[in-house]
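Undergrad: From the sequence below, what's the structure:
(2 chains)
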Amino acid sequence: MDDWVISMMLGVSIFLGAIALFAFLWAIKNGQFDDEEKFLNASKFDGVDELNDAVNQERKKEELKKSYRPE
Amino acid sequence: MSNDIACSHCHLEFNESVLIKDGEHYFCCNGCKGVFHLLSDEGLDSFYDKAGKTTLTPPTMQYEDSANFNAPAFYDKFVKINSDGFSQVSLIIEGIHCSACVWLNEKALHKMEGVIEASINFTNNKATIVWADDVVKLSEIIDMIRAIGYNAFPYDSSIQEVQANAKRKEYYLRMAVAIFASMNIMWIAVAQYAGYFSGITQEIKTILNIAEGILATPVLFYSGWIFFRGAYYGIKNKVVNMDILVATGASLTYLYSIYITVLEQGEAYFDSVSMIITFVLIGKFLEVLSKKNAADTLDIMGKNIPSEVNIVKDGKIISCKLGDVAIGDIVVVSSGEKVLLDGEIVKGSGSFDESNLTGESEPIYKTIDDAVVSGTTSIDADIHFRASKDFEHSTLSSLVSLLESAINKKPKIEQIANKLSEYFSSVILALSFITFIVWWIWPHSFEVAFMVGISVIIIACPCALALATPVATLVGLSLGASRGVLFKEAAQLETMAKVDTLILDKTGTITVGKPEVIKEKIYKEFDKSILYSLVKSSKHPVACGITEYLKKEIDIGEYILDEYIQVPACGISAAYKQSKILGGNLKLINDNGIDFDFESDNTIFYFTIDGEVVAIYELSDKLKSNAKNLVSNLSNKGIDVVMLTGDHEKTAKKVASEVGIKEYLSEQTPENKSTYIEKLHKDGKTVVMVGDGVNDILALALADIGIVMGSGSDIAVDISDVVLLDDSLSSLEDAFKISRTTYGLIKQNLGISLVYNAITIPLAMAGYVIPLVAAISMSVSSLLVVGNSMRIRLKWNKN
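TA: Model prediction:
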């Protein structure tokens, strides 16, 4: 019983920590910390519009990728 | 100024009468108006809420034709094709003031058809733009940036810079994993150690071991990958480096711990595995972090050279690409412009600033048939000159190519820790192997012999050794920073401590670089405000010196002068009320029929009213305070001090004898200076060059350490290794002191870790080291090194 509890707790807490770690790694890879000024100012310019824009931008990229034929 | 109104776009304040009124908005110019309406039409006017009260630069409407950006040659040079097949360019955006500007540019570009990605770095104004080239062309993208009031020009994002950033990012990722896992292992280890003292069942111990093992795996194989890679290169080049020791130590310990876990007896060392990797990785990262990023230097050099010049063709002035100017073409240079080609003046005259080549701020007067040299700047001359060389062979471009080769020729001095770690690693590996063999041959089981052998490697944990240099240099760098001495790279501290020759530039380094009034002789009382009004608007260094001097007087006012004429290379003449006033050199007053005799080594400024000399000012370039002390202190430390200057023999001799420099060379061109340093290098000297101007950059780049005054030209600051922020010579002395202290500290730290090893390794070989002692002693050695470094810091802060 003791063994089961302790392995469970270890497993769950390491798993939760790992999720946070992977989110952090993803953010570094994504370049979110490359520009400290922009990173600190980002919260000021965050809103519904910006989120929509980001999604539209992704969509635009996908569409262009399909139709794009480099010379 | 109550009726000043801010322009609705740029927020600069102007008088209401000069503004353009448009509805409820006011604009300072049509440029601002255009941008304002464009933003409103595009629905981007929330920019103004975001920008707040930040003032912007009003947009200019004169740009070179953007169609040039579509030229195939341009695409070849700057546009890259990314992995998805889209075009990508790096731009520097001009006019970014605040984060709202970044927002606006990104937003406007994202709205464009075909633009896939636009990301702008606020800190360095560099942008990366990705677009589909069949939908939109680069010229249209640049037109958009210009239309919203900014300007963009492409730069060649050098591979070096990209690599440096990628490397740093790689370290961040690996450190994040290592630190996360180590911290988790630590709290599991707390349970392990508690169990070691108070008893723990084998089942719980195995569970803890497994958890630690799971956490240690990514640390060893992901974070520690750097060491495996380093070890591989080390073996390939037949060098036993620190990486081999770390890699073998950590992986052997890891394998042994797995063995223990499976066997369910003894102690596992997963905590040691992750601690070694994490500590040494941090040490390595500190070194990477403080490596100089030489990547941007040549960018800036190129940025300062305009791409076009005006030439006369068929009686008309047309603009021409710099590379297309042929020998014999007539080039037009107006006042304030840079001379980009070499040649002879055929029309016009005026003074030139040749400080880029000579370091002297005194303007040089040139007229027809005189040679103009590329890299100089016209102060007030509007001239036509015949090009005698094309741009490829001009002085300016040969300077750029010399600079490139100088950066590559810079000698690399091997660092003490690198040398030491090579021996250390070989010795430890050999010792642990011998221990293992001896214990095995002596009647012991394989397991016991293996464990003792490994304990030698763990005890000899290279943490302390790996941290010795980075921690010491970090202390050195921060000491320097707090005293206005910026070392750009940590390794330079060590190099500087080994320096035996110091080369000083004269103007701006030993001397202040500006003439100052040292003596005032008044022959007849006069209103000093007249003189002040005369000299105030001249940019000539002598006039500036007098302006500075007069500013200290009380009751100085300004009058309006008539007939104000600057006589090139002579002085200024003007009229005040009915009297004619003159201010300038002897030639000026002689030309105006005034005879006056005065002997002095210094520069003399004569001031006359109605043909009568009323005052004489003697000006001289003053020595910086404690220049003399510096020279004598450094000579006492065994450093040879040499002065190199572009100035004349007479002045050079005077300054050299005043500060006590025995060896000096005068009339040195930038090339002369660099050959002199090459000669010293051949003699086996380690050289520091101290300078401030563009004329010193070759020497700065070539010297082992290039030190530059903070007020020096941008290029010189970029190329240098050390920057003295307050321009003073006392911080130069500090730089020497700090580097020597740091070097001493590095040696102490290495000494501590070696002594520590000398004590503990025999114990380990004798088999006396129990796991707990191993773990504790590992931290203690690292703490000793860090603590010793802090001690030096405290000692310095007390002084």
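Undergrad: which parts of chain A sit against chain B?
TA: When proximity is defined as CB under 8 Å from any CB of the partner chain, chain A approaches chain B at A:2-3, A:6-7, A:10-11, A:14, A:17-18, A:21, A:24-25, A:28-29, A:31, A:33-38, A:41, A:44-45, A:53, A:57, A:60-61, A:64-65, A:68-71. C-beta: built from backbone N, CA, C; applies to glycine.
Undergrad: What mean pLDDT does the strand or helix carrying B:Lys654 get?
TA: Secondary-structure element containing B:Lys654, defined by DSSP states H and E: helix B:649-659. What helix B:649-659 shows for mean pLDDT is 82.
Undergrad: So which bits of that helix are buried?
TA: Across helix B:649-659, burial judged by 16 or more other CB atoms under 10 Å in any protein chain shown covers B:651-652, B:655-656, B:659.
Undergrad: Return the list of helices and strands in contact with it.
TA: Contacts defined by 3 or more CB pairs under 8 Å, 6 or more residues apart in numbering or on different chains; DSSP states H and E place helix B:649-659 against strand B:612-623, helix B:627-636, strand B:640-644, strand B:663-665.
Undergrad: I'd like these laid out as TSV, including mean neighbour count and mean pLDDT.
TA: Shown next, in TSV, are those (neighbours: other CB atoms under 10 Å in any protein chain shown; pLDDT from 0 to 100):
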stretch	mean neighbour count	mean pLDDT
strand B:612-623	19	83
helix B:627-636	17	84
strand B:640-644	22	86
strand B:663-665	16	85
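Undergrad: I'd like the ones you listed as CSV, with distance to chain A appended.
TA: Formatted as CSV, the helices and strands packed on helix B:649-659 follow (distance: least, CB to the nearest CB, whole Å):
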stretch, distance to chain A
strand B:612-623, 41
helix B:627-636, 38
strand B:640-644, 41
strand B:663-665, 46
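Undergrad: and those as CSV, adding distance to B:Lys577?
TA: Supplementary listing: those in CSV, determined by distance: least, CB to CB, whole Å:
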stretch, distance to B:Lys577
strand B:612-623, 15
helix B:627-636, 45
strand B:640-644, 48
strand B:663-665, 49
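Undergrad: Of these, which is nearest B:Asn70?
TA: Nearest of these to B:Asn70, taken as CB to CB: strand B:640-644 at 47.5 Å.
Undergrad: now the closest one against helix B:627-636, angle please.
TA: 130 degrees (axes from the mean of the first three to the mean of the last three CA atoms, to 10 degrees).
Undergrad: Which neighbouring elements make contact with strand B:640-644?
TA: Secondary-structure packing of strand B:640-644 (3+ CB pairs under 8 Å, 6+ apart): strand B:501-505, helix B:627-636, helix B:649-659, strand B:663-665, helix B:670-682.
Undergrad: Check which helices and strands the shortest one sits against.
TA: Taking 3+ CB pairs under 8 Å, 6+ apart as the contact definition, the neighbouring helices and strands of strand B:663-665 are strand B:640-644, helix B:649-659.
Undergrad: In chain A, where is pLDDT below threshold?
TA: For chain A, applying pLDDT under 70 flags the ranges A:1, A:68-71.
Undergrad: same for the helix ranked longest in it, what does it pack against?
TA: Determined from DSSP state H, the single longest helix within chain A is helix A:2-29. Contacts defined by 3+ CB pairs under 8 Å, 6+ apart place helix A:2-29 against helix B:159-198, helix B:202-218.
Undergrad: interface residues of the stretch 101-250 of chain B facing chain A?
TA: Selection of the stretch 101-250 of chain B residues close to chain A by CB under 8 Å from any CB yields B:102-103, B:107, B:110, B:114, B:116-117, B:119-123, B:132-135, B:165, B:169, B:172-173, B:176-177, B:180, B:184, B:188, B:203-204, B:207-208, B:211, B:214-215.
Undergrad: ChimeraX command to pick out the buried ones of these?
TA: To isolate the buried ones among those in ChimeraX, judged by 16+ other CB under 10 Å, type:
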select /B:102,103,107,110,114,116,117,119,120,121,122,132,133,172,173,176,177,180,184,188,204,207,208,211,214,215
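Undergrad: For the nearest residue to B:Gly213 once chain neighbours are set aside, which residues are in contact?
TA: Closest residue to B:Gly213 apart from its sequence neighbours, by CB to CB, 6 or more residues apart in numbering or on different chains: B:Phe270 at 5.5 Å. By CB atoms under 8 Å, 6 or more residues apart in numbering or on different chains, the contact list for B:Phe270 reads B:185, B:209, B:212-213, B:215-216, B:254, B:257.
Undergrad: Nearest to B:Val517 among those residues?
TA: Nearest member of those to B:Val517, counting by CB to CB, is B:Ile185, at 70.4 Å.
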